[in-house]
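Asks: okay, here's the prediction I keep looking at, along with the sequence it came from:
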Amino acid sequence: MLKEWARLGFADPAALFDRAPDGTPLLKPLDEIAVDDRAAIAAVSVVKAKHKMKLTLRLFDKPRALEALGRHLGLDKEAPPAPTDPAAPRRWRDELRQRLLRVAPEKREEKKEEE
C-alpha cells in the first residue's frame, strides 16, 4: 500500500504528455509512460465528436495519497518547536528524504537505470 501511495503522490502528470507540432498536448502511448506514472491514471475516455476526438484523462487523488503518506510517516503530528539550532531544518529534511526513500526505493533505482 505504501508503494502505491508513493506512486500516486509522486507521479508527474507532465510525463503523460507530448506536444504536437502546433503545441497541442497529446497523451503519450501507454508503453512510453513509466509504470509509476501510469499507476496515477484512474480513467481514460475518448468521445468522438463531429470532427474531433475528445480525450478525458482522470488521475487518482494526489493530495489524498500524499496526506496518507504523511500520516504514515508521522508528519501529521504537532509541529516541533522552532529550532534553536540553525542546522535542524536541514537534518529534518534529510530525515524526511531518507524515510521517503525507504518507502519508494524502487522508483529511485528505476531513475538510475534510465540515466
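Replies: Here it is on my side, so go on. Residues are numbered from 1 along each chain as shown.

Asks: can you list the buried residues in stretch 67-80?
Replies: Buried residues in stretch 67-80, defined by neighbour count with 16 or more other CB atoms under 10 Å: 68, 69, 73. Every residue, glycine included, has its C-beta placed from N, CA and C.

Asks: how about residue 57, secondary structure?
Replies: strand (DSSP: H, G, I helix; E, B strand; the rest coil).

Asks: stretch 39-55: end-to-end distance?
Replies: End-to-end distance of stretch 39-55 (CA to CA, to the nearest Å): 18 Å.

Asks: make 48 the first number, not 1, from now on.
Replies: With 48 as the first residue, the last one maps to stretch 86-102.

Asks: distance from the chain centre to that stretch, please.
Replies: 22 Å (CA atoms, centre = their mean, to the nearest Å).

Asks: go on, stretch 80-96?
Replies: Counting by CA atoms, centre = their mean, stretch 80-96 comes out at 14 Å from the chain centroid.

Asks: which residues are contacting that stretch?
Replies: 51, 54-55, 57-60, 62-63, 74, 77, 100-107, 109, 154, 157 (CB atoms under 8 Å, 6 or more residues apart in numbering).
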